[in-house]
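> kindly generate the corresponding structure for this input.
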Amino acid sequence: MILTIDVGNTNTVLSVFDGEVLVFESRINTDSERMADQYAIIFIDIFDLYKVNPKSLTGGIVSSVVPPVTRQAAWAVENLVGSPPLIVEPGLKTGLHIKLDDLAAMIGADLVCGAVAAKTLYKSPCIAIDMGTVTKILAIDKEGSLIGGVITPGIGNSFRAMSGTTALLPLVGAGEVKKVIGSNTVDCIRSGIMLGSAFMLDGFIDKFEEEIGKSSIVATGGFSEMVIPYCRRCDEIALNKSLVSQGMRIIYEKNRM
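Here you go, the predicted model:
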């Protein structure tokens, strides 16, 4: 079994795989103030919660977009596994051809992992949507190369911006939208952000396909399950909440050989 740690701006996702089988997935909040020992203790408690013996782990891999946490998480994984984990960074074999103008500035470890999983698990060309702290939409062409994408504010950031930059609008959380036309402030905000995000995805999917052709579509990220059902083409969009972790597993296997 291997341990994957995906350190995001908001959440850190721990996943354990036995071969290709996902044994468990757990989320904690990302905190750059935590020390390595604190992360190790949290990880051990999570293993105990899911009744998995850490000694059964044979390796680990860390993907991080929060540099201050990368070393702390890696040390915690090493404490559990008994050997240093792989770090998703330049030089690691991914099997992904990336066609971007400025690779270092544009591509994060999480995007690489998500694209690797999308290329491997779904038919190319493929559109991969990740709805986390920010919303990222990636395009993988018919040859399986990552050719680019778009980045927009995430759902949570949109709700916070709406409240934080106005005097009278309340902070509203994501939730079910029963009708497009809201009859009160909360419903109006929720409809605007939730449905607005779905309509935006519909538009980008159409425009992406004008450039790369008819595509398979996969969505991941904490808000995807809430937004995708409102998309016009929701039946064509595969929900895969472990897409990034799956990509880390695939990358680990490529580098273990």
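> quick one: neighbours of Ser124, just the number.
17 (other Cβ atoms under 10 Å). Every residue, glycine included, has its C-beta placed from N, CA and C.
> contact partners for it?
Counting by Cβ atoms under 8 Å, 6 or more residues apart in numbering, Ser124 touches 140-144, 215-216.
> ok so Thr120 is a helix residue?
Yes: assignment of Thr120 by DSSP: H, G, I helix; E, B strand; the rest coil places it within a helix.
> I'd like to know how far it sits from Trp75.
29 Å (Cβ to Cβ, to the nearest Å).
> and stretch 239-255, what's buried?
When neighbours are counted by 16 or more other Cβ atoms under 10 Å, the buried residues of stretch 239-255 are found to be 240-253.
> show the pLDDT at the spatially most central residue of the chain.
Taking Cα atoms, centre = their mean, the centroid of the chain lies closest to Gly221, which sits 4.7 Å from it. Here, the pLDDT recorded for Gly221 equals 91.
> ok, it touching Val134?
No: using Cβ atoms under 8 Å, Gly221 makes no contact with Val134, being 9.4 Å away.
> bridged to Asn128, which residues?
One correction, residue 128 is Ala, not Asn. Leu138, Val218 (DSSP bridges).
> burial check on it, number of neighbours?
29.
> same question, Ile147
For Ile147, the number of neighbouring residues by other Cβ under 10 Å comes to 17.
> same deal with Val21?
Val21: 8 surrounding residues under other Cβ under 10 Å.
> tell me the phi and psi of it?
Torsion angles at Val21 (phi, psi; degrees, to the nearest 10) stand at phi -90, psi 130.
> what sits against Val7?
30, 62-66, 69-70, 73.
> what ranges do the helices span in the stretch 1-150 of the chain?
36-49, 67-81, 103-106, 109-121 (DSSP state H, counting those that start in this stretch).
> for Val21, find the nearest of these.
helix 109-121 (14.0 Å; Cβ to Cβ).
> elements contacting the closest one?
Contact here means 3 or more Cβ pairs under 8 Å, 6 or more residues apart in numbering; DSSP states H and E; on that basis helix 109-121 packs against strand 59-64, strand 126-131, strand 134-140, strand 146-153, strand 216-220, helix 243-256.
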